[in-house]
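S.K.: Sequence first, then the predicted structure, then my questions.
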Amino acid sequence: MEGLIMYKPEMKLMGLATRVTLNDVQQNKTTLKLAAEFYERKSEIRNCTNEKKVFGISTDPADYHPETDSFEYFIGIEVEVAPEEELPEGMVIRQIPENEYVVFTFKGSFENAGAVHAYLYSTWLKQHEYELADLYNIEVYDERNLGPESEESLTDLYFPIRVKQ
């Protein structure tokens with residue numbers, strides 16, 4: 001599994017967000033429930049740049065402890081609106097700054113993402129001159145993604161990186 005290093009320009013996303021723990025994600029399927037709600041409400045979003053490309057974003061807080069710490073999970077689409085414009089009820093905007101990312105593509109259900117995260121931390125970061133950049137991790141769900149349970153889905157994972165200090 002080799003990652004591709006890419007530059008990604010700034011993006012503005014609109015969608016839904018929630019605070020979760022890893023246990024919420026694995027046991028309660030909280031992020032899948034949020035995604036289902038988002039897809040039901042996606043048509044409420046105006047001025048989207050590409051309605052077929054959905055982004056899931058999350059953070060790895062500093063000194064993150066997966067057993068206990070919570071993080072924000074957001075799902076949305078790219079938009080060209082000013083934050084001052086009225087948002088659909090319950091929706092939020094997230095500004096993603098420009099940055100370099102290492103990108104991995106995995107095949108299969110959403111549960112396969114864990115293996116990519118494990119590889120990033122256990123192998124890729126140790127073999128390269130990069131460290132994580134304390135920005136959002138990005139999941140890209142486009143026409144290649146056939147749903148969270150499909151073994152034929154392809155999903156891109158973007159991890160923000162910078163040259164080691």
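M.R.: Received it, and whenever you're ready, just let me know what you need.
S.K.: Break down the chain into its helices, ranges please.
M.R.: Under the criterion DSSP state H, the chain contains helices at 22-23, 30-41, 113-119, 125-127.
S.K.: I'd like these laid out as a markdown table, including mean pLDDT, distance to residue 151 and mean neighbour count.
M.R.: (Glycine included, C-beta is placed from N, CA and C.) Supplementary listing: those in a markdown table, determined by pLDDT from 0 to 100; distance: least, CB to CB, whole Å; neighbours: other CB atoms under 10 Å:
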| stretch | mean pLDDT | distance to residue 151 | mean neighbour count |
| --- | --- | --- | --- |
| helix 22-23 | 77 | 23 | 14 |
| helix 30-41 | 93 | 16 | 16 |
| helix 113-119 | 88 | 14 | 15 |
| helix 125-127 | 93 | 28 | 11 |
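S.K.: Run through this protein and note the low-pLDDT ranges.
M.R.: Across the chain, the ranges flagged by pLDDT under 70 are 66, 82-85.
S.K.: Could you rerun that using 50?
M.R.: Scanning the chain for pLDDT under 50 picks out no residues.
S.K.: Please report the distance of residue 46 from residue 12.
M.R.: According to CB to CB, to the nearest Å, residue 46 and residue 12 sit 13 Å apart.
S.K.: can you list residues touching both of these two?
M.R.: Common neighbours of residue 46 and residue 12 (criterion: CB atoms under 8 Å, 6 or more residues apart in numbering): 79, 81.
S.K.: Mind checking which of those two has more residues around it?
M.R.: residue 12 (17 against 12; other CB atoms under 10 Å).
S.K.: List the contacts of the more buried one.
M.R.: Contacts of residue 12 (CB under 8 Å, 6+ apart): 78, 79, 80, 81, 83, 93, 94, 95, 96.
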